[in-house]
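Student: fold the following for me, if possible:
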Amino acid sequence: MKQFLKTIAVLGLLTASSFTTIAYADDLKNSAVGILEQGLIGGDKAFIEKNVAEGYIQHNPVAPDGRAGLLGFVDYAQTLKPNLSVNPVRVLRDGDLVAVHSEYNIGGKKIIFDLFRFKDGKAVEHWDGIQDKPEKTVSGRTMTDGPTEIIDLEKTDENRKLVNNFVTDILVNGKADKLTQYIGDTYHQHNPNIGDGVEGLGKFLAYLKENNISFGYKKIHNIVAEGNFVMTQSEGDIGGKTNAFYDLFRVEDGKIVEHWDVVQEVPAEMAHENGMF
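Tutor: Got it, this is the predicted structure:
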């Protein structure tokens, strides 16, 4: 009997810890991560019913709208087991917005940015960007490794402004001559196709131009900033096709020193009429 009780206790601990790897001192961060870990991956529909509003607005192109649509998508996700897992690496909160940067196995290895909007403690809207995880990258880094600690909270507004100006000047308006105003000697790149530093970014932009591949951001839809990390959700063009761009920047001493991203083409047909933005 003692051994049986001991086994049950251990299983209880494993079950509790299997859903929440990190406990955040922030209810909305815990809810966002819980929706992914405990709800989507764990199949806990009660958690979703408690933490997601009935009128939940969905922007994932293949998931139906509303809380009922999310619950149905949970059923679908469970059919992908054992190839079903999530590892949240970075979680940022900015007011009612929470961004989660994660590694997934959801029928294949993916890198995903999830963005939630909360109201009255419940998730009321969700966007995401999904990209296949590559075996190799130009820089040798992965799409998620690197620093994760959030510091410099007092510089949140300053860093938000810096990144907003960078995306607007460089990626929207194409003012490449201003690169060094935003990027210093250190610039660690996690985009699988771009090398480190200003030089790596310059080579990538030159390649697109030489091959007549159109590229440009059109609009920033959301910005989530917390301390030294700032994420932007933008709409833009690659090769004449509309894409969703999720860019995460790390700022240090007034310069952008690191970048992660996910790029996803916007499909012609979706499971709802909300669009990806």
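
Student: contact partners of stretch 128-148?
Tutor: Residues outside stretch 128-148 that contact it (CB atoms under 8 Å, 6 or more residues apart in numbering) are 59-60, 89-90, 101-103, 108-115, 188-196, 200, 233, 244-246, 250, 258, 260, 262-264. All C-beta atoms are positioned from the backbone trio N, CA, C, and that covers glycine.

Student: quick one: average pLDDT of that stretch?
Tutor: Mean per-residue pLDDT for stretch 128-148: 96.

Student: now stretch 45-58: buried residues?
Tutor: The neighbour-count check on stretch 45-58 (16 or more other CB atoms under 10 Å) flags F47, I48, N51, V52, A53, Y56, Q58 as buried.

Student: distance to N222 for the residues you listed - can I get that in CSV?
Tutor: What follows is the buried residues of stretch 45-58, written out as CSV (distance: CB to CB, whole Å):
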residue, distance to N222
F47, 25
I48, 23
N51, 20
V52, 19
A53, 18
Y56, 17
Q58, 15
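
Student: now intersect these with the strands, please.
Tutor: V52, A53, Y56, Q58 (DSSP state E).

Student: ok, the third one - contacts?
Tutor: This means Y56. Neighbour list for Y56: D65, G66, R67, G69, L70, A123, V124, E125, H126 [criterion: CB under 8 Å, 6+ apart].

Student: look up how far A23 lies from the first one.
Tutor: Meaning D65. In this view, D65 and A23 are 31 Å apart by CB to CB, to the nearest Å.

Student: pLDDT below threshold where in the chain?
Tutor: 1-22 (pLDDT under 70).

Student: so which residues of it form strands?
Tutor: 52-58, 84-94, 97-106, 109-119, 122-132, 183-189, 215-226, 229-238, 241-252, 255-265.

Student: thinking again about what came up before, reformat the contacts of Y56 as CSV; add distance to L40 and neighbour count.
Tutor: CSV is the format used below for these (distance: CB to CB, whole Å; neighbours: other CB atoms under 10 Å):
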residue, distance to L40, neighbour count
D65, 16, 18
G66, 15, 17
R67, 13, 20
G69, 12, 16
L70, 8, 23
A123, 12, 25
V124, 17, 17
E125, 16, 18
H126, 11, 20
